[in-house]
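Visitor: okay, here's the prediction I keep looking at, along with the sequence it came from:
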Amino acid sequence: MSQSDFDSLRERIRLLDLELVARVAGRVELARQMGELKRLQNLPTVDYAQETTVLSRARSAAQEHGLDPRVAEDLFAGLIAASVSAQEEDSLRVAAVGAGKTAVVVGGAGRMGRWMRRFLAAQGYTTRSLDTFDVPEEVTLARECLHSAELIVCSTPPVATAGLYLEWSQKPPSGVVVDIASIKTPLIEPIRALQEAGGRVASIHPMFGPSTFLLRNADVVICDTGDAEAVLTVERLFQPTTARIVRLPLADHDRIMADLLSLAHAAAIAFALALPESEHPVRSTTFQALRSLSAAVLRESPDVYYEIQAGNPDSLEAVERLRVALDRIVGAVRERDSAGFRRLFEEGQERAPVSPNP
């Protein structure tokens with residue numbers, strides 16, 4: 001095969017790639033129109049039954065064309081995600097919860113702070129960032145409208161947020177104040193102090209990171225602070241999205257997060273620490289999955305993750321369960337107890353059952 005043959009094939013592939021992109025753009029536009037019809041009929045953005053139909057159709061078409069069905073399924077899963085994202089974006093814009101309103105994001109220069117600013121701007125809010133890493137002009141503007149803004153979001157460490165609440169209790173902002181902290185124990189008393197001073201306070205916990213662009217299947221915890229109006233204000237921010245809203249009593253939050261965060265983070269960090277110093281020439285799918293998970297955790301801020309561990313009074317109990325579990329595994333292997341090891345498997349299967357896809 002000559003060089004011209006290679007060039008000819010590559011040109012044909014290039015044109016197909018361009019056509020694919022154009023077709024995808026057309027498909028997303030049709031999905032936006034479908035989203036408009038859903039809004040008019042008060043239908044949910046996500047239609048799991050239709051997604052199943054689309055994926056099944058993709059797999060069948062792939063087989064007919066001699067293509068691996070998994071390739072088609074991955075491709076169409078991405079198309080579905082793009083479509084849902086476009087519909088969600090339009091729903092936020094149409095809902096216009098923040099139209100004509102101002103939101104100040106304290107800690108707005110941080111990764112999650114920037115995510116909140118984009119999220120609020122998509123809903124019509126004029127956003128300001130109050131952060132030491134912002135340019136002085138932005139900080140000045142944020143300070144000027146802090147007490148008149150309709151919404152103040154604290155994207156700051158819990159201890160820092162607690163200090164702000166105690167400071168603001170001398171002169172509470174007129175808008176709703178909400179934190180997005182991963183632990184709530186340091187905030188409970190400051191929240192009460194700010195409320196007693198007349199402040200309107202809510203508390204939420206987005207159970208996702210700043211790289212998230214699609215809220216489908218993402219949980220947003222709304223904690224009950226005793227101020228129904230403030231809680232409803234922040235809950236409305238997420239109602240137009242595909243996020244799953246979970247309501248919890250404020251006092252129960254950290255006990256649950258000890259399992260969801262402290263235990264999970266400790267397991268990921270421990271796995272990384274147990275890895276050999278040099279890489280092996282072979283890999284397994286389980287090893288790769290666990291290493292990728294550990295790497296994702298260790299890319300985050302050690303200060304934030306330490307605060308999640310140390311600031312949650314229920315963390316040690318959860319991490320201690322991890323240590324006990326490892327001891328049980330080591331014990332069964334050391335004693336060559338196959339029946340005991342099998343029982344550990346069975347117990348694990350009961351606690352971590354396979355969840356069917358929606």
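Guide: Perfect, I can see it now. Numbering: from 1, shown residues only.
Visitor: how many neighbours does Ala25 have?
Guide: A count of nearby residues for Ala25, using other Cβ atoms under 10 Å, gives 11. For the C-beta atoms, the positions are set from N, CA and C on the backbone; glycine is no exception.
Visitor: correct me, but Val104 touches Leu141?
Guide: No: under the criterion of Cβ atoms under 8 Å, Val104 is not in contact with Leu141, lying 9.2 Å apart.
Visitor: the two: which is more packed in?
Guide: Legend: neighbour count by other Cβ under 10 Å for Val104 and Leu141, higher for Val104 (30 against 17).
Visitor: where does the more buried one sit: helix, strand or coil?
Guide: Three-state assignment for Val104 (DSSP: H, G, I helix; E, B strand; the rest coil): strand.
Visitor: and for Val177?
Guide: Classification of Val177 by three-state DSSP places it in strand.
Visitor: in the sheet, who's paired with it?
Guide: Ile152, Val201 (DSSP bridges).
Visitor: where's it relative to Thr45, distance?
Guide: 29 Å (Cβ to Cβ, to the nearest Å).
Visitor: what's the answer for Pro172, then?
Guide: Note on Pro172: its distance to Thr45, by Cβ to Cβ, is 36 Å.
Visitor: okay, helices next: where are they in the chain?
Guide: For the chain, helices defined by DSSP state H occupy the ranges 3-40, 48-64, 69-95, 111-121, 136-145, 158-168, 188-196, 228-238, 253-257, 264-274, 285-298, 302-310, 315-334, 338-351.
Visitor: Arg216: which of these is closest?
Guide: Of all the helices of the chain, helix 69-95 sits nearest to Arg216, with 5.6 Å by Cβ to Cβ.
Visitor: how about stretch 86-93 as PDB, C-alpha atoms only?
Guide: Extracted C-alpha coordinates of stretch 86-93, given in PDB (Å, rounded to 0.1, in the frame of the first residue of the first chain):
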ATOM      1  CA  ALA A  86     -28.100  20.100  27.300                       C
ATOM      2  CA  GLN A  87     -31.600  19.600  28.600                       C
ATOM      3  CA  GLU A  88     -30.500  20.300  32.200                       C
ATOM      4  CA  GLU A  89     -28.700  23.500  31.100                       C
ATOM      5  CA  ASP A  90     -31.800  24.700  29.400                       C
ATOM      6  CA  SER A  91     -34.000  23.800  32.400                       C
ATOM      7  CA  LEU A  92     -31.800  25.900  34.600                       C
ATOM      8  CA  ARG A  93     -31.900  28.800  32.200                       C
END
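Visitor: tell me which residues are up against it.
Guide: The contact list for stretch 86-93 (Cβ atoms under 8 Å, 6 or more residues apart in numbering) reads 28, 31-32, 34-36, 38-39, 45, 119, 122-124, 214-216, 240-242.
Visitor: distance between that stretch and the chain's centre?
Guide: Distance of stretch 86-93 from the chain centroid (Cα atoms, centre = their mean, to the nearest Å) equals 17 Å.
Visitor: not counting stretch 188-206 itself, show me its contacts.
Guide: Contacts for stretch 188-206 (Cβ under 8 Å, 6+ apart): 112, 161-163, 165-166, 168-170, 172-173, 175-182, 184, 187, 218, 220-223, 225-227, 229-231, 233-234, 250-251, 253, 257.
Visitor: just the buried residues of those.
Guide: Buried subset of these (neighbour count, 16 or more other Cβ atoms under 10 Å): 112, 161-162, 165, 168-169, 172-173, 175-182, 184, 187, 218, 220-223, 225, 227, 230-231, 233-234, 250, 253, 257.
Visitor: for the stretch 151-300 of the chain, give me the ranges with low pLDDT.
Guide: The model of the stretch 151-300 of the chain has no residue with pLDDT under 70.
Visitor: what's the domain layout of this structure?
Guide: 3-94, 96-250, 255-351 (automatic domain parsing).
Visitor: chain center to the longest one: distance?
Guide: The gap between where domain 96-250 is centred and where its chain is centred comes out at 16 Å by Cα atoms, centre = their mean.
Visitor: could you work out the end-to-end span of it for me?
Guide: With Cα to Cα, to the nearest Å as the measure, domain 96-250 spans 28 Å from end to end.
Visitor: likewise for the last one?
Guide: Terminal residues of domain 255-351 are spaced 18 Å apart (Cα to Cα).
Visitor: and Pro313, how far is that from Ser182?
Guide: Using Cβ to Cβ, Pro313 is found at 14 Å from Ser182.
Visitor: wait, Val104
Guide: Look at Val104 and Ser182: by Cβ to Cβ, they are 21 Å apart.
Visitor: repeat for Gly198
Guide: 27 Å.
Visitor: so where's the stretch 1-150 of the chain uncertain?
Guide: Low-confidence segments of the stretch 1-150 of the chain, defined by pLDDT under 70, span residues 1.
Visitor: so who does the residue nearest the centre of the chain touch?
Guide: By Cα atoms, centre = their mean, the chain has its centre lying nearest to Phe208, at 1.6 Å. Phe208 makes contacts with Leu215, Ala218, Asp219, as judged by Cβ under 8 Å, 6+ apart.
Visitor: the nearest residue to the first one once chain neighbours are set aside: neighbour count?
Guide: Meaning Leu215. Nearest residue to Leu215 in three dimensions, chain neighbours excluded: Ala243, at 3.9 Å (Cβ to Cβ, 6 or more residues apart in numbering). Ala243 has 21 neighbours, counted by other Cβ under 10 Å.
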